[in-house]
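>>> Sequence and predicted structure are below.
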Amino acid sequence: MARIAVIGAGMGAMAAAARLAVAGHRVVVYERTETYGGAVRRFERDGFGFDTGPGLLPVPAVYRDLFIKTGKEPLEDLVELVQVDPSSRHVFADGTAVSLPNASRAGVVTALDEALGGGAGRRWGDFLIRAREAWDRTRRPLLEEPLWPNWSVLAGQEPYPAVPHKKLLRTRRATTLAEIGTWELCDERLAALLESHALAYGLDPRTAPASAAVLPYMEHAFGTWYVRGGMRELARAVYERCVARRVEFVFGAEVTRVLEKDGRAAGVELAGGTVVDADHVVADVDPVRLRVLTDRPLDQEGDVQADLSSSRAVRCTLLLALRGPREAGAVHRTVVHAPDREAELDLLASPGGDEPVCPTVTVLRPDDPALRPDDAHESVVVSAVLSGDAGWEEAGTVRRYTDFLLEAAERTVPQLRERLLWHEVRTPEDTEGETGTRLGGVPAPSLAAGRGRFLHPANTTRVPGLYRVGGWSHPGGGLPHAGMSGALVAGLVVEGPQFRGSQ
């Protein structure tokens, strides 16, 4: 039995802790705040409840697998999963709107044809077929296996099997997500639909590799799910599973340093100077903080390096308490697309000194009695992924983006201004206070191609005994939970003194 110290009580950390405990090890989780869940939090006021992190669950099979392998009670015995249908409603810049059925290719094709015309449904359906091929090619190396030693092979090849554009040389293929939209979808609204999946992580579609096509495919293939009572209920279930497996939690315990002895990780030091010995250390923290916690570099030349520029992506959230009931037929999730695509993308790419611009906004309206005082009220969460370099310390920036989010919500919530009781703004600084990540940065998914820029570092590090888990590391045995700011369910088991990735 090994002594294992886990830094952080985020979803990836707790999943790893449960798996390690089942393997027979003594696991202690040190969390700097007073609760578990990382970014999966809840805000409550006057009988209203809001998910302040992710609001939807795109790949429930990840958690089903976790609960099967850590105990007798399956996931569905502990939380209620509801399939969201329609999966989403999209309101485009020109005012056109379309609701997309959940996990139904034929239904999506029909809906797009009726709303957009001109063979839009057929083109999107053909795109999904090619996106599935990219998914089949990248699923195992990206999500189910430890990072290959020759990772450069994966990083250097674009797995998206795009159809060459008729007007271009037959050998030229789409290499970015934006090129797929331009060459294959041939409709600005379809391109906006495609790009919204990258924007949800703060990725610029003009530079994101074409393999990012797997993001809309995953949502289409596995459906979109909601946890009754809010996503915080899922965090509670994972925490309670850890406790049942005798994982120990120490809250209010900030780790300030990873200790080393004889050239390997040997424990952690807490704020105040307390030293805790351990045989292995598992860290669910962002790359910047992890570098601060160690006394020497974690990576060497030739390793996949963390792309710290991705941490510029942050989330601004607006919580709305409304009087009046949710109208019949209201859609759970609506994406209101930016009125000026180029301005939004330019701000993501070069944010310094630019004026705020209206972003792509997501509006969540869960039909859940647990999140409202009674049926005569409604709770709504409005959010957008923005640049962390937008000057969040300035009150004027926060006010501008609050106005943008309210204006977008008005396009989908009837009589919003008249119904508004109060609102709460959740800035990136608020998320930083809960997660410890600078401005609550949104980790991007691990993607193939892009010369390694879109891969995450391996779970192992150059410090023996120190391992990464969570949204900032290569999944290596887990799957990404896309609606959870990129948080990853990554399980690790111990075989003698070595760790290996495990599904």
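Received the coordinates, thanks. Since this is a predicted model, take the numbers as computed values, not measurements.
>>> Which residue is the nearest non-sequential neighbour of residue 90?
Spatial nearest neighbour of residue 90, excluding adjacent residues (C-beta to C-beta, 6 or more residues apart in numbering): residue 335 at 5.0 Å. Bear in mind the C-beta positions are built from the backbone N, C-alpha and C, glycine included.
>>> what secondary structure does the one you found sit in?
The three-state assignment at residue 335 reads strand, by DSSP: H, G, I helix; E, B strand; the rest coil.
>>> what pLDDT does it get?
Residue 335 carries a pLDDT value of 98.
>>> Repeat that for residue 298.
83.
>>> Number of residues surrounding it?
When neighbours are counted by other C-beta atoms under 10 Å, residue 298 registers 22.
>>> Residue 291 is in contact with that one, correct?
Yes: Residue 298 sits in contact with residue 291 when judged by C-beta atoms under 8 Å, with a separation of 6.8 Å.
>>> The stretch 51-200 of the chain: helices as residue ranges?
Along the stretch 51-200 of the chain, counting by DSSP state H, counting those that start in this stretch, helices occupy 60-70, 105-116, 120-139, 151-156, 177-180, 188-199.
>>> Can you classify residue 5 by secondary structure?
Residue 5 - assigned by three-state DSSP - is strand.
>>> show me what contacts it?
28, 30, 267, 268, 276, 278, 280, 281, 282 (C-beta atoms under 8 Å, 6 or more residues apart in numbering).
>>> ok, and the fourth one, which helix or strand is that part of?
Spelled out, it's residue 268. Residue 268 is part of strand 264-270, with elements assigned from DSSP states H and E.
>>> who does that strand touch, helix- and strand-wise?
strand 3-7, strand 255-261, strand 275-277, strand 280-283 (3 or more C-beta pairs under 8 Å, 6 or more residues apart in numbering; DSSP states H and E).
>>> okay, those, which one's buried deepest?
strand 280-283 (a mean of 27; mean count of other C-beta atoms under 10 Å).
>>> partner strands of it, parallel or antiparallel?
strand 3-7 (parallel), strand 466-468 (parallel) (DSSP bridges).
>>> Run the chain-centre distance for that strand.
A distance of 22 Å separates the centroid of the chain from that of strand 280-283, by C-alpha atoms, centre = their mean, to the nearest Å.
>>> what mean pLDDT does it have?
If you average the pLDDT over strand 280-283, you get 96.
>>> got it, and stretch 145-164?
Averaging pLDDT residue by residue across stretch 145-164 gives 79.
>>> Contacts for that stretch, please.
By C-beta under 8 Å, 6+ apart, stretch 145-164 touches 126, 130-131, 133-134, 137-138, 141-142, 170-175, 179-180, 183-184, 209-211, 213, 304, 448-453, 455, 457-460, 474, 476-477, 500-501.
>>> got a list of what residue 466 touches?
258, 264, 265, 280, 281, 283, 294, 298.
>>> How about residue 382?
317, 318, 319, 320, 361, 362, 363, 364, 405, 406, 408, 409 are the contacts of residue 382 under C-beta under 8 Å, 6+ apart.
>>> is it possible to export these to TSV including pLDDT, secondary structure and distance to residue 467?
Listed next are the contacts of residue 382 as TSV, based on pLDDT from 0 to 100; DSSP: H, G, I helix; E, B strand; the rest coil; distance: C-beta to C-beta, whole Å:
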residue	pLDDT	secondary structure	distance to residue 467
317	96	strand	31
318	97	strand	37
319	98	strand	36
320	98	strand	40
361	97	strand	37
362	98	strand	33
363	98	strand	38
364	98	strand	34
405	97	helix	38
406	97	helix	43
408	96	helix	41
409	97	helix	41
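>>> Same list (these) but as CSV, adding distance to residue 431 and neighbour count.
Listed next are the contacts of residue 382 as CSV, based on distance: C-beta to C-beta, whole Å; neighbours: other C-beta atoms under 10 Å:
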residue, distance to residue 431, neighbour count
317, 8, 25
318, 13, 24
319, 13, 21
320, 18, 24
361, 17, 26
362, 16, 26
363, 19, 26
364, 16, 21
405, 15, 25
406, 20, 18
408, 20, 26
409, 20, 25
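>>> Closest to residue 426 out of those?
Residue 426 lies nearest to residue 317 out of the contacts of residue 382, by C-beta to C-beta, at 4.0 Å.
>>> which residues sit in contact with the closest one?
52, 381, 382, 383, 425, 426.
>>> Verify the stated contact: the fifth one with residue 403.
So that's residue 425. No: using C-beta under 8 Å, residue 425 is not in contact with residue 403, being 10.8 Å away.
>>> Sketch out the low-pLDDT regions of this structure for me.
Within the chain, the stretches with pLDDT under 70 are 164-172, 307-311, 351-354, 476-503.
>>> Pick the one among the contacts of residue 466 closest to residue 89.
Set against residue 89, the nearest of those by C-beta to C-beta is residue 283 (39.0 Å).
>>> Now the closest one: closest residue in space that isn't a chain neighbour?
residue 7 (4.4 Å).
>>> Next: residue 338.
Nearest to residue 338 is residue 344, by C-beta to C-beta, 6+ apart, at 4.3 Å.
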